[in-house]
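S.K.: Pasting the sequence and the predicted coordinates here, then a few questions.
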Amino acid sequence: MDRTAILAIDQGTTSSRAIVFDRNGRPSATAQQEFRQHYPQDGWVEHDPEEILRTTLAVCRKALDEAGSKGLTVQAIGITNQRETTLLWERDSGKPIYNAIVWQDRRTADYCNNLKHQGHEESVSARTGLLLDPYFSASKLRWMLENIPGARQRAEAGKLAFGTIDSFLLWHLTGGKVHATDITNASRTLLFNIHSQQWDPHLLDLFDIPASLLPDVNDCTADFGETDPAIFGCRLPILGIAGDQQAAAIGQACFAPGMTKSTYGTGCFVLMNTGNSPIRSGNRLLTTIAWRIAGQTSYAVEGSIFIAGAAVQWIRDNLKLITNAAETEQLAAGLGSNHGVYLVPAFTGLGAPHWDPQARGALFGLTRDTGIAEIARATLESVVYQTRDLMTAMAADGAVPPTALRIDGGMVANNWFCQFLADLLDLPVERPEVTETTALGAACLAGLQAGSYASLDEIAAQWQCQSDFKPQMAAGLRRELIAGWDEAISKVRTE
Ligand SMILES: Nc1ncnc2c1ncn2[C@@H]1O[C@H](COP(=O)(O)OP(=O)(O)O)[C@@H](O)[C@H]1O
Ligand SMILES: O=P(O)(O)OC[C@H](O)CO
């Protein structure tokens, strides 16, 4: 029996996780630690890089110990991470010069708007597949260079290194020997040209970023370096890296054009494979690199919803209507209909395809009879309607229509939610056996590079459906519900 295994590091927005996967892609050892979110000002979101590193190393050690006690031999590491989050550190000491500025941070909204008004969005989008939005790394990095005393001079003198979380972890895991990233993380910085697949001098110039700051860009499968033996007591090769949503697409084996995954955690991210050439969205979706393996690039269109599970947290923590997220399932299932109640959870504006940062949340259709169940149901439904808006935009962009939607993330434990998703999309919804698809994707990449998998086909063969939700809703009801949602959205839109 093959006792080799791979350690996947999944450094996410709210927690650091480490999962050891056996040769068959089954999780064998898991450890997770949450860390603090810092909100120094309205719209600012930061993480303490030392805490990111500390929690990551702690969970790795725990998972490695557990795997060892089960007789598994970890042969390699794969890394996956919250994307876009921006770090700048000293090359000599590895010490960050500021907190990590998190993807959710909106401090550079005015700066991005100015660039838009100066007419730069078209050329930025054409090069990167992205939009001029604070979500991506470039304006965050520029903010650090402009606002941290001495940062620009030190950057120009070649003393600083920029990286997304993967790059920062890689630097520290290798004892400061490697400054690199993978192409999926690079493709989210707004500095990387997805056509030439290189850092783009025009964008570096636009955002005023010295090229000396930038990491090398590798395939997702590569020999990224070895861990410093002082860290885990041995040298482990790091053989795979991808941003978390791309890793989830790999873990869900979305390898053919049209195959689509949707991850429902705090936010929701839908990625559809578009094959070997990028599709330019006419509907404000993002074009992104899905992966590059052995020099072969696959692209995806992506839609992001900022608030998904976070809306469930909101009714739990702010409204105190429920005590745990799972209660929403019974509450929603107990109603024969939504009773005309719609929640638009635009708490931080609307993401794709609307991109309306000024929009704010609202509850519509309240009557004297409205109770907790209606609000809980409207909360779950809102995530589904938003997914439909993304899928509609993807279809309008001419993407190959999917035959099913593969789902993962914390919310998919909710069967009512999954069934409503299938009903409203009029599409089969598939929940896999292994729902830790993000970490699995990172493990698969490292496994490919290590030679444990011969090809993507072997990874696809390993994917198993746990539950298949078939659409059952009558077309008329679907139309009626969507009309109600469209009306609610039109009321919160500011643009
Ligand atoms: N049974 C459930 N029904 C609805 N939402 C749920 C359920 N279980 C968890 N959630 C939501 O899923 C989210 C957690 O998912 P997870 O994938 O762990 O998120 P993340 O990786 O973004 O931290 C939370 O926002 C929580 O409210
Ligand atoms: O850490 P998650 O799962 O919330 O994912 C964050 C995304 O990568 C942001 O683009």
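M.R.: Alright, I've got the coordinates. Ligands and ions are numbered 1, 2, ... in the order given.

S.K.: Please make it C-alpha for all contacts and neighbour counts, starting now.
M.R.: Will do.

S.K.: what comes into contact with the longest helix that the chain contains?
M.R.: Under DSSP state H, the helix in the chain containing the largest number of residues is helix 372-396. With CA atoms under 8 Å, 6 or more residues apart in numbering as the test, helix 372-396 has contacts from 270, 281-283, 285, 301, 303, 305, 307-308, 311-312, 315, 321, 328, 331-332, 334-335, 338-339, 341-345, 352-353, 401, 417, 420-421, 424-425, 482, 485.

S.K.: which of those count as buried?
M.R.: Among these, those classed as buried by 16 or more other CA atoms under 10 Å are 270, 281, 283, 285, 301, 303, 305, 307-308, 311-312, 315, 321, 328, 331-332, 338-339, 341-345, 352-353, 417, 420-421, 424-425, 485.

S.K.: Spatially nearest residue to residue 341 (excluding sequence neighbours)?
M.R.: Nearest non-adjacent residue to residue 341, counting by CA to CA, 6 or more residues apart in numbering: residue 365, 4.6 Å away.

S.K.: quick one on the thing from earlier: following the longest helix of the chain, which helix or strand shows up next?
M.R.: Scanning forward in sequence from helix 372-396 by DSSP states H and E, the next helix or strand is strand 405-408.

S.K.: Just to check, the residue nearest to residue 341 is in contact with residue 340?
M.R.: Yes: the criterion here is CA atoms under 8 Å, and residue 365 meets it with residue 340 at 5.5 Å.

S.K.: what does the stretch 151-300 of the chain have sitting close to ligand 2?
M.R.: By CA under 6 Å from any ligand atom, the residues of the stretch 151-300 of the chain that approach ligand 2 are 244, 245, 266.

S.K.: So the last one belongs to a helix, correct?
M.R.: No: remark: residue 266 does not belong to a helix; assigned using DSSP: H, G, I helix; E, B strand; the rest coil, it is coil.

S.K.: show me what contacts it?
M.R.: With the criterion set at CA under 8 Å, 6+ apart, residue 266 makes contact with 306, 307, 308, 309, 310.

S.K.: quick one, phi/psi of the first one?
M.R.: Right, the one you point to is residue 306. Main-chain torsions, residue 306, degrees, to the nearest 10: phi -70, psi -30.

S.K.: What about it, how many residues nearby?
M.R.: 22 (other CA atoms under 10 Å).

S.K.: picking up where we left off before, sort out which of the contacts of residue 266 are in helices and list them.
M.R.: Those of the contacts of residue 266 lying in helices (DSSP H): 309, 310.

S.K.: quick check, nearest of the contacts of residue 266 to ligand 1?
M.R.: residue 309 (3.2 Å; CA to the nearest ligand atom).

S.K.: Run through the residues that contact that closest one.
M.R.: Neighbours of residue 309 in contact, by CA under 8 Å, 6+ apart: 264, 265, 266, 267, 268, 410, 411.

S.K.: can you put these in JSON lines and add distance to ligand 1 and pLDDT?
M.R.: Listed next are the contacts of residue 309 as JSON lines, based on distance: CA to the nearest ligand atom, whole Å; pLDDT from 0 to 100:
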{"residue": "264", "distance to ligand 1": "6", "pLDDT": "96"}
{"residue": "265", "distance to ligand 1": "3", "pLDDT": "91"}
{"residue": "266", "distance to ligand 1": "4", "pLDDT": "88"}
{"residue": "267", "distance to ligand 1": "6", "pLDDT": "91"}
{"residue": "268", "distance to ligand 1": "8", "pLDDT": "94"}
{"residue": "410", "distance to ligand 1": "3", "pLDDT": "90"}
{"residue": "411", "distance to ligand 1": "4", "pLDDT": "95"}
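
S.K.: List only buried entries from those residues.
M.R.: 264, 265, 266, 267, 268, 411.

S.K.: Relative to residue 307, how far out is the second one?
M.R.: What it means is residue 265. Applying CA to CA, to the nearest Å, one obtains 9 Å for the distance of residue 265 from residue 307.

S.K.: Also the third one?
M.R.: From residue 266 over to residue 307 the distance is 6 Å, taken as CA to CA.

S.K.: Secondary structure element for the residue sitting furthest away from the middle of the chain, which one?
M.R.: Ranked by distance from the centre of the chain (CA atoms, centre = their mean), the top residue is residue 368, with 39.4 Å. According to DSSP H and E, residue 368 maps onto no helix or strand at all.

S.K.: if we can go back for a sec, could you pick out which of the contacts of helix 372-396 are located in helices?
M.R.: Among the contacts of helix 372-396, the members falling in helices (DSSP H) are 311-312, 315, 328, 331-332, 417, 420-421, 424-425, 482, 485.

S.K.: if we can go back for a sec, let's have the residues of the stretch 151-300 of the chain next to ligand 2 in CSV, adding distance to residue 98.
M.R.: Below are those laid out as CSV (distance: CA to CA, whole Å):
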residue, distance to residue 98
244, 23
245, 26
266, 25
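
S.K.: and which of these is nearest residue 20?
M.R.: Closest to residue 20 out of those is residue 244 (16.5 Å), distances taken as CA to CA.

S.K.: how many neighbours does residue 452 have?
M.R.: Residue 452 has 18 nearby residues by other CA under 10 Å.

S.K.: Then the one 10 residues further on?
M.R.: The criterion is other CA under 10 Å. On that basis, residue 462 has 14 neighbouring residues.
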